[in-house]
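K.L.:
sequence first, predicted coordinates after that:
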Amino acid sequence: HRHKNRSLFSGSFFGRMSARLPDVDPEFAAHSVLNFENRAAWDQQVCDFKTYSAPAGNEVQYYRMNAPPFSIRDFVVFHVLLREAGGRGVFTYQRFADNALAPPQSKFVRGVSWVVATMIS
C-alpha cells in the first residue's frame with residue numbers, strides 16, 4: 001500500500017508491503033532472508049552485504065541494491081534483529097546511518113532508507 005501524502009518525509013516514497021507464504025516455516029524464511037552469505041547465492045537485486053560494529057554496541061549494515069531502470073544504489077543502515085515474544089517469529093528494523101560509517105562509493109548512488117521494519121512470523 002503506497003501512502004498517498006507525498007509531502008511527508010520530503011516527498012520520499014513510503015508505504016507498506018505484505019506477503020503471505022502459508023507453506024513456509026518462519027524460521028526457514030528468516031534464515032533465507034537474513035543469512036547474507038547464503039542470500040548472495042540467490043538474490044541478484046540486494047547484495048554485497050557487509051556488517052560493521054558501530055559505537056554503543058550497534059550494528060551497521062552496508063548493502064547494494066540493483067533495481068533497473070534506476071542506477072545502482074548503496075545503503076548504510078543501523079540494523080536490529082529481535083525474536084518475537086512467542087519465539088516463532090523474527091522482527092528486523094533498519095534506519096539510516098551516517099555516511100561516515102561506510103563512506104559513499106563514487107560508482108553508486110547513495111540511497112537513504114529512513115525506516116524499514118519487517119516481521120517474519
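P.N.:
Great, that's in hand.
K.L.:
how far is the longest strand along the chain from where the chain is centred?
P.N.:
When the chain is parsed with DSSP state E, its longest strand is strand 73-83. On the basis of Cα atoms, centre = their mean, to the nearest Å, the separation between the geometric centre of strand 73-83 and that of its chain is 5 Å.
K.L.:
and for stretch 100-112?
P.N.:
The answer for stretch 100-112 is 15 Å, by Cα atoms, centre = their mean.
K.L.:
before we move on, what about stretch 46-54?
P.N.:
In this view, stretch 46-54 has its centroid 10 Å away from the chain centroid, taken as Cα atoms, centre = their mean.
K.L.:
one step back: what is the mean pLDDT for the longest strand of the chain?
P.N.:
For strand 73-83, the mean per-residue pLDDT is 88.
K.L.:
could you pull out the buried residues of that strand?
P.N.:
Of the residues in strand 73-83, 73-79 count as buried by neighbour count, 16 or more other Cβ atoms under 10 Å. C-beta here means a position set from N, CA and C on the backbone, and glycine is covered the same way.
K.L.:
kindly report the same for stretch 47-63.
P.N.:
With burial defined by 16+ other Cβ under 10 Å, the residues of stretch 47-63 counted as buried are 49, 54, 60-63.
K.L.:
can you check stretch 87-104 too?
P.N.:
Under the neighbour-count rule (16+ other Cβ under 10 Å), stretch 87-104 has 89-92, 94, 97, 101-102 buried.
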